[in-house]
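[1] Build me a model:
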Amino acid sequence: MVRLDRIVTRAGDGGETTLGGGGGRVRVRRVRKDDLRVEALGDIDELSCVLGLAGLAVRAGERRLIESLQRDLFGVGADMAAPRPGRALRTTPAHVGRIDAEAVRRARLLRSLRGFVVPGGAAGAGWLHLARAVCRRAERRAVAAGTSREAVRYLNRLSDLLFLMARAAGRRPRVWEVPGRPRR
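    Residues are numbered from 1 along each chain as shown. You can find the predicted model right below:
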């Protein structure tokens, strides 16, 4: 369990922050706040926040899944902050497999797509679509930062799952975008 006694440390006032650590003999490293891994960590934090908002707008069963995804994201963040980038510490193939299985199960419950989905339909669907977009950005930054393969795989599969969850969360008929036909 992480214990934070001081929140205001002033250690980042010069534009640097600490990556790695966690106690023991793990080496910590100071990096600039515009480091790709710090950017990717910010995207993971933003994703967790958007998921928290989505959780307020969906059914209780979906809320439990969202909370477990938020816990998983702490592990993804730990992998990104590791002293040796590219090495999985907490995100495992089992995490990716769980997301895969959930996405497959949900895809079976939805009709095939015949066009592009315009995000919306209900508040929960809108928040889940936003979470999907943030997740895709986090994945791109994770790749650029050299994050572990498992963390990248997790984010890739998570964006698929969030898309499926958003489609299911729309309570009114979906709005479809038909390519080549302007809408009025």
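
[2] beta partners of residue 30?
    Beta-bridge pairing for residue 30 (DSSP bridges): residue 18.

[3] That one reaches residue 15, doesn't it?
    No - the pair residue 30 / residue 15 is not scored as a contact, 10.3 Å apart, by C-beta atoms under 8 Å. In short, each C-beta sits where N, CA and C put it, glycine included.

[4] out of these two, which sits in the more crowded spot?
    Comparing residue 30 with residue 15 by other C-beta atoms under 10 Å, the one with more neighbours is residue 30, at 13 against 9.

[5] and the gap between the more buried one and residue 17?
    7 Å (C-beta to C-beta, to the nearest Å).

[6] what does residue 45 give?
    13 Å.

[7] again with residue 36
    To residue 17, residue 36 is 13 Å away according to C-beta to C-beta.

[8] With residue 145 instead?
    Using C-beta to C-beta, residue 145 is found at 14 Å from residue 17.

[9] List the residues that contact residue 156.
    residue 139 (C-beta atoms under 8 Å, 6 or more residues apart in numbering).

[10] check which helix or strand covers it.
    helix 149-169 (DSSP states H and E).

[11] Now that helix: average pLDDT?
    Here helix 149-169 scores 95 as its mean pLDDT.

[12] One more: stretch 90-107?
    95.

[13] residues of that stretch that come out buried?
    Within stretch 90-107, the residues that count as buried by 16 or more other C-beta atoms under 10 Å are 90-91, 95-96, 98-100, 102-103, 106.

[14] What is the nearest of those residues to residue 163?
    Proximity of those to residue 163 (C-beta to C-beta) peaks at residue 103, which lies at 8.7 Å.

[15] The closest one touches residue 160, doesn't it?
    Yes - using C-beta under 8 Å, residue 103 makes contact with residue 160 at a distance of 5.2 Å.

[16] ok now stretch 156-167, how far from the chain's centre?
    10 Å (C-alpha atoms, centre = their mean, to the nearest Å).
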